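**Student:** what follows is a predicted structure for the sequence shown.
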2 protein chains.
Amino acid sequence: MSLFRSILLGGAAASLAAGAVLAAAHGNSAAEAAIKARQAHMSLYSFNIGTLGGMAKGAMEYDAAKAGAAAANIVALSKLDQGNYWVEGSSTDDVMESEALPAIWTDMADFNKKMENLTAAATTMEGAAGQGLEALQASMKELGGACGACHKAYRKPE
Amino acid sequence: MSLFRSILLGGAAASLAAGAVLAAAHGNSAAEAAIKARQAHMSLYSFNIGTLGGMAKGAMEYDAAKAGAAAANIVALSKLDQGNYWVEGSSTDDVMESEALPAIWTDMADFNKKMENLTAAATTMEGAAGQGLEALQASMKELGGACGACHKAYRKPE
């Protein structure tokens, strides 16, 4: 049974994926679904930043088109609506798998500002990434800074 | 050490996440990084489709703004550049964790067409989702069909 049929029709054979999604409608499981989505979102940032970082440090051959696409992906990801991500009860105080510090919920305005800074830094990178390796390298600091500023304030320390 | 510092500076303390990203530069691990990214991407489709499906079947209260945002997210996700996802050696024939059938690589034009169909269906949903529950429900079939058509042809059967 596909995810879609599971969602639309219900059914005992619902896949694990569908279960995780449907869980969003039910109490505590909303937190689990949100955490899973947040972590997936972060994985996609990492994947695209890995392309840019790999080129920046010479581990990967510079490719203007691929670099520009990776930067554009980060911009688009940063603009996704994340209204369903930050549900109550999904911080490190609530769920073991969570890496989201409770400060997110008490400092939401600052948290959102830091996400806007990511959009800005990724947009700068989008303009630079296709303009040559040096331009890409020069924009890594701002992009890394935007990631790091939010992680430092709002992500569970390693 | 942050993901960024790991990527830029290297270092033995590189996090698992950074390791997965950096792995993209090294042979077979490119497949693993791509598979992880593809599955994260699918998780984000699921999360947003879960919102729409939850409302469509009445498990979640209809909310025009949330429905529209979920549909817009699916549109944006479908437009992300996925050029780095479909690396050689990342099909079900190559990697146990993969659910991507080898047909993707032999029928890439059709595969891409099916992804365009998803963008089209999600765009229809984006227009409908905020227009009331009935409009949302009416657009679920096209969106579900777009998901299902690609899964049927190119995803490992459950």
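**Tutor:** Yep, that arrived.
**Student:** dump the C-alpha coordinates for the host helix or strand of residue A:115 into CSV.
**Tutor:** Element membership of residue A:115, judged by DSSP states H and E, is helix A:108-129. Provided in CSV are the C-alpha atoms of helix A:108-129 (Å, rounded to 0.1, in the frame of the first residue of the first chain):
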residue,chain,number,x,y,z
MET,A,108,11.7,32.4,18.5
ALA,A,109,12.2,35.9,17.1
ASP,A,110,15.9,35.5,17.3
PHE,A,111,15.7,32.0,16.0
ASN,A,112,13.8,33.2,13.0
LYS,A,113,16.2,36.0,12.5
LYS,A,114,19.1,33.5,12.4
MET,A,115,17.2,31.5,9.7
GLU,A,116,16.8,34.7,7.7
ASN,A,117,20.5,35.2,8.0
LEU,A,118,20.9,31.7,6.5
THR,A,119,18.7,32.7,3.6
ALA,A,120,20.8,35.8,3.1
ALA,A,121,24.1,34.0,3.2
ALA,A,122,22.9,31.3,0.9
THR,A,123,21.7,33.9,-1.5
THR,A,124,25.1,35.5,-1.5
MET,A,125,26.6,32.1,-2.2
GLU,A,126,24.1,31.5,-5.0
GLY,A,127,25.5,34.6,-6.7
ALA,A,128,29.1,33.6,-6.1
ALA,A,129,29.2,29.9,-6.5
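**Student:** can you show me the CA trace of the next helix-or-strand element following that helix as CSV?
**Tutor:** Next helix or strand after helix A:108-129 toward the C-terminus (DSSP H and E): helix A:133-154. Only the C-alpha atoms of helix A:133-154 are listed here, as CSV (Å, rounded to 0.1, in the frame of the first residue of the first chain):
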residue,chain,number,x,y,z
LEU,A,133,36.4,28.7,-7.2
GLU,A,134,37.8,31.8,-5.5
ALA,A,135,34.4,33.5,-5.4
LEU,A,136,32.9,30.3,-3.9
GLN,A,137,35.6,30.0,-1.3
ALA,A,138,35.1,33.7,-0.3
SER,A,139,31.4,33.1,0.4
MET,A,140,31.9,30.0,2.5
LYS,A,141,32.7,32.0,5.6
GLU,A,142,29.4,33.8,5.6
LEU,A,143,27.5,30.7,4.9
GLY,A,144,29.3,28.7,7.6
GLY,A,145,28.8,31.6,10.0
ALA,A,146,25.1,31.5,9.5
CYS,A,147,24.9,27.8,10.1
GLY,A,148,27.2,28.0,13.1
ALA,A,149,25.5,30.9,14.7
CYS,A,150,22.2,29.1,14.9
HIS,A,151,23.8,25.8,15.9
LYS,A,152,25.7,27.5,18.7
ALA,A,153,22.6,29.1,20.2
TYR,A,154,20.0,26.5,19.5
